[in-house]
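> pasting the sequence and the predicted coordinates here, then a few questions.
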Amino acid sequence: MASKQWLVEDYEAGDLPLTSGETLHSARLRYHRIGELNAPKDNLIMLPTYYGGAAAGNHPWVEGNSPLDPDRYCIVIPALLGAGESSSPSNTAGAQRGPGFPAVSLNDNVMLQKRLVEDIFGDARIALVMGWSMGGMQALQWGCLFPTQVRAVLATCCTARCYPHNRVFLEGVKAALTCDHAFENGRYRSPPERGLRAFGRVYAGWAYSQAFFRHELWREQGFGSIEELLRFWEQDHLGQDANDLLTVLNTWQNGDISDNPVFGMDYEAALSAIAMPTRMMPCTTDLYFTEEDASEDGRRMPGATVESLESDWGHVAGGAGREAASHNRILAAARALLSGKAS
């Protein structure tokens with residue numbers, strides 16, 4: 001592991017037809033890669049990214065004594081379209097810059113990732129697709145669309161579609177951002193800082209559970225007060241582009257693994273296609289990707305086992321390196337899936 005370094009590369013896909021019927025011009029997929037593909041081409045691991053996160057946010061899953069060992073596996077982290085690294089409103093030229101950027105779906109992201117696997121990795125078999133939050137939704141999308149190529153799926157703190165209360169939560173953070181007069185319907189001349197700060201503060205109240213605040217678990221993150229945590233969330237969102245945030249939020253709100261030509265909105269059929277060994281790992285205190293919704297999805301996937309994360313950290317528990325106990329349980333599940341010992 002010590003001799004291997006992450007490589008940051010771009011896959012230039014040209015004009016990309018989208019589920020909406022629009023075309024994303026000169027589409028580019030940013031990805032991080034570590035480890036080498038073996039001769040049988042069956043040791044590829046995909047780690048799709050989550051909302052508001054850069055590809056490097058998944059690196060902790062590969063560090064230390066992780067079963068995601070770059071001496072054994074070729075590990076790829078593809079960055080979400082719209083999130084600031086791959087093609088996004090903030091880095092696209094011409095008419096598709098800013099508010100002109102087209103809507104992209106879970107299917108669009110995964111089909112672009114599929115092209116990456118075909119063109120750069122020889123259409124390798126995928127030993128594991130693993131993700132948190134929107135990364136988990138992409139993992140499930142991979143599982144249902146390519147069941148013969150994907151050997152195992154691990155999805156933490158997510159569901160296979162965005163359920164109604166989750167959509168309402170997202171409407172709240174969206175409103176906090178767009179009500180800033182400086183937003184100017186996405187045509188802002190300078191960042192809408194008040195809206196970005198409000199977005200971060202509102203989001204922080206949903207990312208963790210009530211018990212997280214009641215038991216002052218924010219102290220474990222090094223904060224001296226709730227106000228310090230909220231200021232951290234403000235600063236984090238001041239570093240992001242407003243149109244990028246809204247583009248990926250739209251992907252999330254409309255996320256549904258059956259929304260593609262293969263399943264034609266037949267949600268039961270999409271869930272039924274996930275017959276490979278799959279681990280659904282919701283958190284017991286997640287406020288928007290709820291344990292109830294995730295468990296119900298898991299029960300309808302023939303290959304899935306539901307293993308809840310007992311944690312007061314809410315949605316954050318499912319992220320790479322966020323909360324030690326949950327992080328270790330997630331990696332134990334990954335180890336079982338990679339060894340073939342998980343059902």
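It's in. Every value quoted in this text rests on a predicted model; they were computed, and no experiment measured them.
> what's the following helix or strand after the helix or strand containing Arg279?
Under the criterion of DSSP states H and E, Arg279 resides in strand 278-281. Next helix or strand after strand 278-281 toward the C-terminus (DSSP H and E): helix 291-299.
> what about the closest residue to Leu80 other than its chain neighbours, which SS state?
Counting by Cβ to Cβ, 6 or more residues apart in numbering, Thr49 is the residue found nearest to Leu80 once chain neighbours are left out, at 5.0 Å. Using the backbone N, CA and C atoms, a C-beta is placed for each residue, glycine as well. Here Thr49 is recorded as coil under DSSP: H, G, I helix; E, B strand; the rest coil.
> how far away is Thr49 from Asn58?
Distance of Thr49 to Asn58, given as Cβ to Cβ, to the nearest Å: 6 Å.
> can you check Pro282 too?
19 Å.
> returning to what we had before: just how off-centre is the strand holding Arg279 within its chain?
15 Å (Cα atoms, centre = their mean, to the nearest Å).
> repeat for stretch 302-319
That offset, for stretch 302-319, works out to 14 Å (Cα atoms, centre = their mean).
> on that earlier part again, report all helices and strands that the strand holding Arg279 contacts.
strand 153-156, helix 291-299, strand 304-306, helix 324-339 (3 or more Cβ pairs under 8 Å, 6 or more residues apart in numbering; DSSP states H and E).
> average pLDDT across that strand?
Strand 278-281 carries an average pLDDT of 98.
> list the contacts of it.
140, 143, 152-157, 294-295, 297-298, 301, 303-309, 318, 329-330, 333, 336-337, 342 (Cβ atoms under 8 Å, 6 or more residues apart in numbering).
> again, but for stretch 58-72
1, 4, 6, 32, 34-35, 43, 45, 47, 49, 75, 77, 128, 130-131, 135, 320-321, 327, 330-331, 334-335, 338-339.
> so who does Leu196 touch?
Here Leu196 is in contact with 177, 180, 234, 237-238, 240, 242 (Cβ under 8 Å, 6+ apart).
> ok, it to Tyr188 distance?
Taken as Cβ to Cβ, the span from Leu196 to Tyr188 is 10 Å.
> between Thr49 and Asn58, which one's more packed in?
The residue with more neighbours, out of Thr49 and Asn58, is Thr49; 29 against 26, by other Cβ atoms under 10 Å.
> residues contacting that one?
Contact partners of Thr49, counting by Cβ under 8 Å, 6+ apart, are 55, 57-58, 77-80, 83, 131, 134-135.
> can you list the domains in the protein?
7-163+256-339, 166-250 (automatic domain parsing).
> which one of those domains is the most hemmed in?
Comparing the domains of the chain by mean neighbour count (mean count of other Cβ atoms under 10 Å), domain 7-163+256-339 ranks first with a mean of 20.
> is it true that Leu338 touches Ala152?
Yes. With contact defined as Cβ atoms under 8 Å, Leu338 reaches Ala152; the gap is 7.0 Å.
> what touches both of the two?
Common neighbours of Leu338 and Ala152 (Cβ under 8 Å, 6+ apart) are 127-128.
> please enumerate the helices of the stretch 151-300 of the chain.
Applying DSSP state H, counting those that start in this stretch to the stretch 151-300 of the chain gives helices spanning 164-178, 193-207, 210-214, 226-238, 242-253, 267-272, 291-299.
> can you add distance to Pro147 and mean pLDDT and give those helices back as TSV?
Shown next, in TSV, are the helices of the stretch 151-300 of the chain (distance: least, Cβ to Cβ, whole Å; pLDDT from 0 to 100):
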stretch	distance to Pro147	mean pLDDT
helix 164-178	26	98
helix 193-207	32	98
helix 210-214	37	98
helix 226-238	37	98
helix 242-253	23	98
helix 267-272	10	98
helix 291-299	16	98
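> for Phe121, find the nearest of those helices.
Across these, Phe121 has its closest neighbour in helix 242-253 (23.9 Å, Cβ to Cβ).
> which outside residues touch the closest one?
By Cβ under 8 Å, 6+ apart, helix 242-253 touches 51-52, 80-84, 88-90, 98-99, 101, 103-106, 109, 134, 137, 162, 166-167, 170, 173-174, 177-178, 183, 186, 188, 191-192, 195-196, 199, 237.
> point out where the stretch 1-150 of the chain drops to low pLDDT.
Scanning the stretch 1-150 of the chain for pLDDT under 70 picks out the ranges 1-2.
> pLDDT wise, what is the residue sitting furthest away from the middle of the chain at?
Relative to the average C-alpha location in the chain, and by Cα atoms, centre = their mean, no residue lies farther out than His181, which sits at 29.9 Å. Looking at His181, its pLDDT is 97.
> how close does Arg201 get to Glu234?
Taking Cβ to Cβ, one finds Arg201 at 6 Å from Glu234.
> for Ala317, that is, sorry about that
In terms of Cβ to Cβ, Ala317 sits 22 Å off from Glu234.
> repeat for Lys174
In terms of Cβ to Cβ, Lys174 sits 17 Å off from Glu234.
> got it, and His215?
Applying Cβ to Cβ, the value for His215 to Glu234 is 23 Å.
> same question, Ser311
Taking Cβ to Cβ, one finds Ser311 at 25 Å from Glu234.
> same thing with Pro60?
Taken as Cβ to Cβ, the span from Pro60 to Glu234 is 24 Å.
> centre of the chain to stretch 239-259, how far?
10 Å.
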